[in-house]
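Asks: What follows is a predicted protein model with its sequence.
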Amino acid sequence: MPLTIEQIVEETRSLPREAVAELVDRIWAAHYADDEVHRKAWSETIQRRVEEIRSGKVQGVPGDEVSERIRKIVGR
């Protein structure tokens, strides 16, 4: 029986952040790497967001703070 999404997420909780980031990248690549439309959209979004941060138009939010906000939203 295949794992549920919740089981997969639970399994990742013990992994280091870098490993989780790599996992997400690899899952995305496995499903969309050959999709030129998605690749172009992601590239444009990344470039725009990097420029927004560099110009000071937006400020990043520390990962720990984002994680805490998410935990509050989902009740964990």
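Replies: That came through, no problem. Numbering: from 1, shown residues only.
Asks: what does the helix or strand containing R48 rub up against?
Replies: Element membership for R48, per DSSP states H and E: helix 36-55. For helix 36-55, the surrounding residues in contact (Cβ atoms under 8 Å, 6 or more residues apart in numbering) are Y32, A33, K57, V58, Q59, G60. Quick note: C-beta positions are derived from backbone N, CA and C, even for glycine.
Asks: same thing with stretch 4-13?
Replies: Under Cβ under 8 Å, 6+ apart, the answer for stretch 4-13 is L3, A19, V20, L23.
Asks: let's go with 6 Å and repeat that
Replies: V20 (Cβ atoms under 6 Å, 6 or more residues apart in numbering).
Asks: how far is it from where the chain is centred?
Replies: 15 Å (Cα atoms, centre = their mean, to the nearest Å).
Asks: Quick check: V74 vs S67, distance?
Replies: Distance, V74 to S67, by Cβ to Cβ, to the nearest Å: 11 Å.
Asks: between those two, which one's more packed in?
Replies: S67 (12 against 7; other Cβ atoms under 10 Å).
Asks: and R49, how many neighbours does it have?
Replies: 13.
Asks: how does the protein divide up, domain by domain?
Replies: 1-34, 35-76 (automatic domain parsing).
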